[in-house]
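Trainee: Here is a sequence with its predicted model. Questions after.
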Amino acid sequence: INRVSKEHSFEVAYIYNMIMKDKAVEDEKRGFKLPMSSRNLSEEVSDETVESLANTVKANYKNIAWRFYKLKAKLLGVEKIEYWDRNAPLPFEDDKKYSWQEAVDTVLQAYNEFSPKLHSVARDFFDKPWIDVAPKEGKRGGAFCSSPLVDGHPFLLLNFVGKRNDVLTLAHELGHGCHHQLRRNNGLLNETSRMTTEEVASVFGEMLVFQSMLNNAKTREEKISLLAMKINDMINTAIRQIAFHFFEVRAHNERKQGEVSVERLNEIWLEEMRESLGPWVNVDENSAHIWEQIGHFFFLPFYVYAYSFADCVVNSLYWLKLQGKVENFEDKYLELLSKTAIGDYEEIFAPFGLNPRDEAFWQGGLNLISYYLDELGSLI
């Protein structure tokens, strides 16, 4: 893939320069302050909030991503991890198989331990039933939640084969379904959330089940496998997407001064990857053209931060839950889910004492990753 990207790099860079210039012209006509401002408007967040997120994540590169990849290199028995091996499985990955009933019991128990109200909403999906579970010939792959009618119920599509990740996927998609049910009375215009809050219920549900699995893990290897998997996913979402964001910011800012060459785009990409991944990941010239493979840069400029935004929001909320510092957390959380398409960010997070414009909001979510890293480090 990288060889083909390199062969066509001149054409791709030309296309990207045209996209950036076209955006700059439109932004100027519409009076947008920054290249990302139009995207922020569509997501209903301020430039200051996104900058707060990005700067806080960047300040944590060394404490989180660098530290994790050093531990992972040790687990893999290598001095440095190659760029393409960042997501490599550990030598003792958990191969436990779950029956469908075991998966259902695991997820519902975790939901119930957090909130009997949420458990009651989730239970309907199994009792009705509203889930297509097993893979079959001609069936679409992957997993998703579909909510075709505001006043109707959602459907979940899964391709369950009994892996640990399938259980977490069930928890994730069930979170989407519960989210729809909790906000269904808001009406058509207030039913759809922004991307930055659309993933709150799903990722939070996944966190509940992950923590339950971790609490019930019986061996050191099982705990290491769970923690490494989760931290790896968190870094790919919270950290890596912000590195993508900074690549976009720099590329668009330099485009204002004229055409940005392939060589310069490659240089910016490598600088951002090396800074975010750290010295225990080998980011060499073979990785220089990977930016050409990120479709969001071309089709959805400045969208990538939304993934980090959503993940850090959930992590911040879950960090508060673990600390037990917010009274009536359960009720406030369910109320938040019912309002994600209505109030602005400052309004819906105010009951938790959180302000998305404040870097402390984002630092709380990053503290959760650091907390799991400490736990992983203690086991190695």
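Mentor: Received, thanks. Residues are numbered from 1 along each chain as shown.
Trainee: To which secondary structure element is residue 183 assigned?
Mentor: Take DSSP states H and E as the rule and residue 183 turns out to sit in helix 164-183.
Trainee: err, residue 19, not the other one
Mentor: For residue 19, the enclosing helix or strand under DSSP H and E is helix 9-30.
Trainee: ok, and for that helix, which residues are buried?
Mentor: Buried residues in helix 9-30, defined by neighbour count with 16 or more other CB atoms under 10 Å: 9, 12, 13, 16, 17, 19, 20, 23, 24, 27. For every residue, glycine as well, the C-beta is placed using N, CA and C.
Trainee: dump the residue contacts of the first one.
Mentor: Pointing back at residue 9 there. Each residue near residue 9 by CB atoms under 8 Å, 6 or more residues apart in numbering is listed here: 262, 266, 289, 292.
Trainee: Could you dump these into a markdown table with secondary structure, neighbour count and distance to residue 328 added?
Mentor: Formatted as a markdown table, the entries for the contacts of residue 9 read as follows, by DSSP: H, G, I helix; E, B strand; the rest coil; neighbours: other CB atoms under 10 Å; distance: CB to CB, whole Å:
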| residue | secondary structure | neighbour count | distance to residue 328 |
| --- | --- | --- | --- |
| 262 | helix | 19 | 55 |
| 266 | helix | 20 | 52 |
| 289 | coil | 23 | 51 |
| 292 | helix | 25 | 49 |
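Trainee: measure the residue nearest to residue 246 when sequence neighbours are not counted to residue 305 for me?
Mentor: Counting by CB to CB, 6 or more residues apart in numbering, the nearest residue to residue 246 once its immediate chain neighbours are dropped is residue 272, at 5.3 Å. Using CB to CB, to the nearest Å, one obtains 13 Å as the distance from residue 272 to residue 305.
Trainee: what is the rounded mean pLDDT of the helix or strand that comes right after the helix holding residue 19?
Mentor: From helix 9-30 onward toward the C-terminus, using DSSP H and E, the following helix or strand is helix 37-42. Helix 37-42 shows an average pLDDT of 94 in the prediction.
Trainee: got the contact list for helix 37-42?
Mentor: The contact list for helix 37-42, computed with CB under 8 Å, 6+ apart, reads 23, 26-27, 30, 32, 46-47, 49-50, 300-303.
Trainee: before we move on, the earlier item: and the buried residues of helix 9-30, which is closest to residue 69?
Mentor: If you rank these by distance to residue 69 using CB to CB, residue 9 comes first, at 27.4 Å.
Trainee: do you know how far the closest one is from residue 36?
Mentor: Here the distance between residue 9 and residue 36 works out to 25 Å (CB to CB).
Trainee: helix or strand right after the helix or strand harbouring residue 112?
Mentor: Remark: residue 112 resides in helix 100-114, with elements defined by DSSP H and E. With elements assigned by DSSP H and E, the helix or strand that comes after helix 100-114 is helix 116-127.
Trainee: Just give the strands next to whichever helix or strand comes after that following helix in its sheet, each with its orientation.
Mentor: Counting by DSSP H and E, the next helix or strand C-terminal to helix 116-127 is strand 131-132. Applying DSSP bridges to the sheet, strand 131-132 is found paired with strand 155-157 (parallel).
Trainee: which residues sit in contact with residue 344?
Mentor: By CB under 8 Å, 6+ apart, the neighbours of residue 344 are residue 44.
Trainee: nearest spatial neighbour of residue 130, skipping sequence neighbours?
Mentor: What sits nearest to residue 130 in space, not counting adjacent residues and going by CB to CB, 6+ apart, is residue 155, at 5.3 Å.
Trainee: what do you get for residue 92?
Mentor: Among residues not flanking residue 92 along the chain, residue 221 sits closest, at 4.7 Å (CB to CB, 6+ apart).
Trainee: what's around the one you found, how many residues?
Mentor: By the other CB atoms under 10 Å criterion, the neighbourhood of residue 221 contains 15 residues.
Trainee: For it, grab phi and psi.
Mentor: With angles defined as degrees, to the nearest 10, residue 221 sits at phi -60, psi -40.
Trainee: Return the per-residue confidence for it.
Mentor: The predicted structure scores residue 221 at 93 on the pLDDT scale.
Trainee: Look up how far residue 380 lies from it.
Mentor: For residue 221 relative to residue 380 (CB to CB), the value is 11 Å.
Trainee: again with residue 83
Mentor: With the distance defined as CB to CB, residue 83 ends up 22 Å from residue 380.
Trainee: likewise residue 170?
Mentor: With CB to CB as the criterion, residue 170 and residue 380 are 30 Å apart.
Trainee: Which one's more surrounded, these two?
Mentor: residue 170 (27 against 12).
Trainee: OK, contacts around the more buried one?
Mentor: With contact taken as CB under 8 Å, 6+ apart, residue 170 is in contact with 103, 104, 107, 156, 158, 160.
Trainee: So which of these is the closest to residue 215?
Mentor: Within the set of those, residue 107 lies nearest residue 215; the separation is 14.4 Å, counting by CB to CB.
Trainee: Look up the closest residue to that closest one, ignoring the ones flanking it.
Mentor: Leaving aside its sequence neighbours, residue 107 sits nearest to residue 171 (CB to CB, 6+ apart; 4.9 Å).
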